[in-house]
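Asks: Dropping the sequence and predicted coords here.
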Amino acid sequence: MSHPNPVTKAVIPAAGLGTRFLPATKAMPKEMLPVVDQPAIQYVVAEAARAGLNDVLMVTGRSKRALEDHFDRVPSLEATLQGKGDEEKLRRIQEATALGDIHYIRQGDPLGLGHAVLCARHHVGHEPFAVLLGDDLIDERDDLLGPMIQVQQRTGGSVIALMEVTPEQISAYGCADVETIDGQGYVKVKGLVEKPAPEEAPSNYAVIGRYVLHPAVFDVLEHTAPGRGGEIQLTDALQELAASDAEGGGVYAVVFRGRRYDTGDKLSYIQAVVQLASEREDLGPKLVPWLKDFVAGL
Ligand code: G1P
């Protein structure tokens with residue numbers, strides 16, 4: 001790496017309405033749903049911090065004030081815990097406020113992921129930046145952003161993360177057509193299509209919610225027309241950059257083979273909670289035998 005901290009800004013789109021989780025999300029942002037005992041969004045901000053991304057911009061919308069409150073300090077609660085001598089809880093609530101500088105901007109109209117990223121333009125300026133989607137949690141033992149930042153620095157383009165999925169799953173994701181590059185730990189992206197039908201998918205490589213983008217993406221997003229679902233799609237802007245030879249053109253991908261948890265729909269959210277709780281030292285030893293008994297009795 002040419003510089004110890006070549007990318008420092010992270011953009012986290014968090015304006016989605018969370019309709020898949022209604023009524024739980026009627027008065028609460030879906031990003032605040034607890035995954036074991038921590039809101040989903042905190043795992044994502046912590047992942048960004050581990051990768052040196054300490055300047056976080058959350059792109060929010062109406063009814064998202066709980067996000068700001070969560071990353072803010074609560075002196076009265078801290079004083080109460082201190083008074084009780086509950087150091088462990090004090091440490092845990094302070095964790096959320098020590099992750100970096102968190103800024104907020106509102107998206108206004110929910111016009112799509114591409115539009116949410118475009119809202120970050122002035123904050124980001126002319127430097128590469130990361131985008132982290134809150135529905136995807138990456139296990140802290142598996143570094144994904146670190147290698148992506150390295151590939152961005154090496155290629156000067158934009159970098160996406162891919163995972164192999166089954167043909168039935170591909171229509172829930174962006175899908176990439178890729179070309180291997182000899183001797184490199186990353187691939188070149190030749191084309192991208194947002195949520196294709198299985199028979200139209202160019203591969204089984206699904207785009208997952210981590211991006212390290214060249215700021216050239218903003219100029220492209222300015223003119224990206226609404227695509228799938230009538231929304232301005234980041235995938236469509238990246239498809240244009242993949243074919244561009246101009247400065248900041250070219251899209252590359254890191255193929256992720258680590259542990260990812262999806263909290264974007266009810267079933268995968270429940271699976272993520274069970275999986276992460278099973279691995280926790282304080283819960284796993286009791287939860288796992290109970291789960292085995294429970295399943296055996298079904
Ligand atoms: C978004 C992107 C899609 C990507 C997915 C990853 O879709 O548009 O290309 O594969 O995130 O989670 P969403 O899940 O927000 O509909």
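Replies: Sure thing, it's come through.

Asks: Relative to the ligand, how far out is residue 212?
Replies: 15 Å (Cβ to the nearest ligand atom, to the nearest Å). (C-beta placed from N, C-alpha, C; glycine too.)

Asks: And residue 130, by the same measure?
Replies: 14 Å.

Asks: give the contact list for that residue.
Replies: 7, 9-11, 48, 51, 53, 145, 148-149, 210-213 (Cβ atoms under 8 Å, 6 or more residues apart in numbering).

Asks: Average pLDDT for the helix or strand harbouring it, rounded please.
Replies: In this assignment (DSSP states H and E), residue 130 forms part of strand 129-132. Mean pLDDT, computed over strand 129-132, is 98.

Asks: And stretch 175-194, by the same measure?
Replies: Average pLDDT, stretch 175-194: 92.

Asks: who does the following helix or strand past the strand holding residue 130 touch, helix- and strand-wise?
Replies: Using DSSP H and E, the helix or strand that follows strand 129-132 in sequence is strand 136-138. In terms of contacts (3 or more Cβ pairs under 8 Å, 6 or more residues apart in numbering; DSSP states H and E), strand 136-138 is packed against helix 40-50, strand 205-213, strand 260-262.

Asks: same for the second one, what does it pack against?
Replies: Here strand 205-213 is seen to pack against strand 129-132, strand 136-138, helix 145-155, strand 158-164, strand 174-180, helix 234-242 when contacts are counted using 3+ Cβ pairs under 8 Å, 6+ apart.

Asks: for the ones you listed, which one sits closest to residue 23?
Replies: Of all the helices and strands packed on strand 205-213, strand 136-138 sits nearest to residue 23, with 23.3 Å by Cβ to Cβ.

Asks: wait, doesn't residue 215 sit right on residue 124?
Replies: Yes - counting by Cβ atoms under 8 Å, residue 124 is a contact partner of residue 215 at 6.2 Å.

Asks: Looking at those two, which is more packed in?
Replies: Using other Cβ atoms under 10 Å, the more surrounded residue of residue 215 and residue 124 is residue 124, with 21 against 16.

Asks: Got the phi and psi for the more buried one?
Replies: phi -80, psi -40 (degrees, to the nearest 10).

Asks: so who does it touch?
Replies: So residue 124 contacts 9, 11, 57, 215, 218 (Cβ under 8 Å, 6+ apart).

Asks: from the residues you listed, which would you call buried?
Replies: Neighbour counting by 16 or more other Cβ atoms under 10 Å classes 9, 11, 57, 215, 218 among those as buried.

Asks: Redo those as JSON lines? Include distance to the ligand, pLDDT and secondary structure.
Replies: JSON lines is the format used below for the buried ones among the contacts of residue 124 (distance: Cβ to the nearest ligand atom, whole Å; pLDDT from 0 to 100; DSSP: H, G, I helix; E, B strand; the rest coil):
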{"residue": "9", "distance to the ligand": "20", "pLDDT": "98", "secondary structure": "strand"}
{"residue": "11", "distance to the ligand": "14", "pLDDT": "98", "secondary structure": "strand"}
{"residue": "57", "distance to the ligand": "18", "pLDDT": "97", "secondary structure": "strand"}
{"residue": "215", "distance to the ligand": "20", "pLDDT": "97", "secondary structure": "coil"}
{"residue": "218", "distance to the ligand": "17", "pLDDT": "98", "secondary structure": "helix"}
